[in-house]
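# mind looking at a prediction? Sequence and model below.
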Amino acid sequence: MLLHRLKNIFQKGKLPLKDVFQSAVFGGKREDYEFIEEQLLLSDIGVETTQKIIKKLKERVKEGVIIGRENIVEELKKIIKEILKDPLYFDLDEKGIILVSGVNGSGKTTSIGKLANYLVKNEKKVLLGACDTFRAAAFDQIEIWGNRANSFVYLPQNGKEPAAAAFESVNYGIENGYDKMIIDTAGRMHTNKNLMDELKKLYSVLKSKFPHIPLFSILVIDATNGKNTLHQAKNFKDAVNVDTIFLTKMDGTAKGGSVITIADELSLPISFVGVGESIEDIDFFDKNLFVDSIL
């Protein structure tokens, strides 16, 4: 995949913490920890996650685990690695439904194309279900990515509601021997209750109508939005029982802290990373590589 490139991208997100932890080792004054906390927050780590890191840091200093600058960075790495969840993936060789959701502009359709391309490269027969029936241009966009990924795009009849379109897509995929059915949902804002209710209905229909087919739910998150996207994404967990995160736009500015916060506050693993606009620009998230690179 893109492991070497991914390492370079992660290094863009280096946290500005090179020397700020030294004071905590020698005395642990309140103002020392306040300074560390400030630096974590400036690194786009959320308040709750920052407090969790500070608490664990204090505990390890008190216990004598941290004994000087020689091991303080290594202990910090361990703390963050404990916060990050291990990636979770769908079974590549099992017939299944992949439901992809996310807020407007998160890169959801692009990510679907990348996932489809990855599956096709692994010799899977892939169907893309165009269930974003709220936007006129949505069908055109998913068709473009479907063609690039050599995947069939199922287009429902005009006027179909998303839940019905999702049912038709999966049913067609099963009847015609497809290995994976990737369902494209409408990009939604958490403040629009009607659209979120429609998303819940779509998920419920797929679970009830196809109980024997695994349903893997992926939430696409724009890494550059950090904490703003986090608050919106929490609602998706309730709507579609999210299994894991696809983190997009990791090829931009530093964003190491937001990644840590997303994983912590959503209690979700990050499994996929989008690192560019090409259909090949997808990689698996490696938390050890990520933490070692940003520190």
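Looks like it came in fine.
# rest of the way, CA atoms for contacts and neighbours
Noted.
# what ranges do the helices span in the stretch 101-250 of the chain?
Using DSSP state H, counting those that start in this stretch, the helices of the stretch 101-250 of the chain run over 108-121, 138-148, 162-175, 193-209, 227-240.
# helices or strands up against the first one?
Packing contacts for helix 108-121, counted by 3 or more CA pairs under 8 Å, 6 or more residues apart in numbering; DSSP states H and E, involve strand 96-102, strand 126-130, helix 138-148, strand 180-184.
# among the ones you listed, which is nearest residue 283?
strand 96-102 (16.8 Å; CA to CA).
# direction included, what does the closest one pair up with?
With DSSP bridges as the test, strand 96-102 is paired with strand 180-184 (parallel), strand 215-222 (parallel).
# and the longest one with helix 193-209, angle?
Interaxial angle of strand 215-222 relative to helix 193-209 (axes from the mean of the first three to the mean of the last three CA atoms, to 10 degrees): 150 degrees.
# what does strand 215-222 contact?
90, 96-103, 105-108, 111, 206-207, 229, 233, 236, 240-249 (CA atoms under 8 Å, 6 or more residues apart in numbering).
# and these, which are buried?
For the contacts of strand 215-222, a burial check counting by 16 or more other CA atoms under 10 Å picks out 90, 96-103, 106-108, 111, 206, 229, 233, 236, 240-249.
# circling back: pipe the strands paired with strand 96-102 into JSON lines and attach mean neighbour count, mean pLDDT and distance to residue 147 per row.
Shown next, in JSON lines, are the strands paired with strand 96-102 (neighbours: other CA atoms under 10 Å; pLDDT from 0 to 100; distance: least, CA to CA, whole Å):
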{"stretch": "strand 180-184", "mean neighbour count": "26", "mean pLDDT": "96", "distance to residue 147": "14"}
{"stretch": "strand 215-222", "mean neighbour count": "24", "mean pLDDT": "93", "distance to residue 147": "21"}
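# possible to save the helices and strands packed on helix 108-121 as CSV with distance to residue 211?
Output for those, formatted as CSV (distance: least, CA to CA, whole Å):
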stretch, distance to residue 211
strand 96-102, 11
strand 126-130, 18
helix 138-148, 26
strand 180-184, 15
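# want to throw the helices of the stretch 101-250 of the chain into TSV with distance to residue 63 and mean pLDDT?
Shown next, in TSV, are the helices of the stretch 101-250 of the chain (distance: least, CA to CA, whole Å; pLDDT from 0 to 100):
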stretch	distance to residue 63	mean pLDDT
helix 108-121	45	95
helix 138-148	54	89
helix 162-175	54	94
helix 193-209	47	91
helix 227-240	32	79
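# okay, those, which one's buried deepest?
Mean neighbour count (mean count of other CA atoms under 10 Å) peaks for helix 108-121 among the helices of the stretch 101-250 of the chain, with a mean of 23.
# in stretch 151-160, what's buried?
Across stretch 151-160, burial judged by 16+ other CA under 10 Å covers 151, 152, 153, 154, 155, 156.
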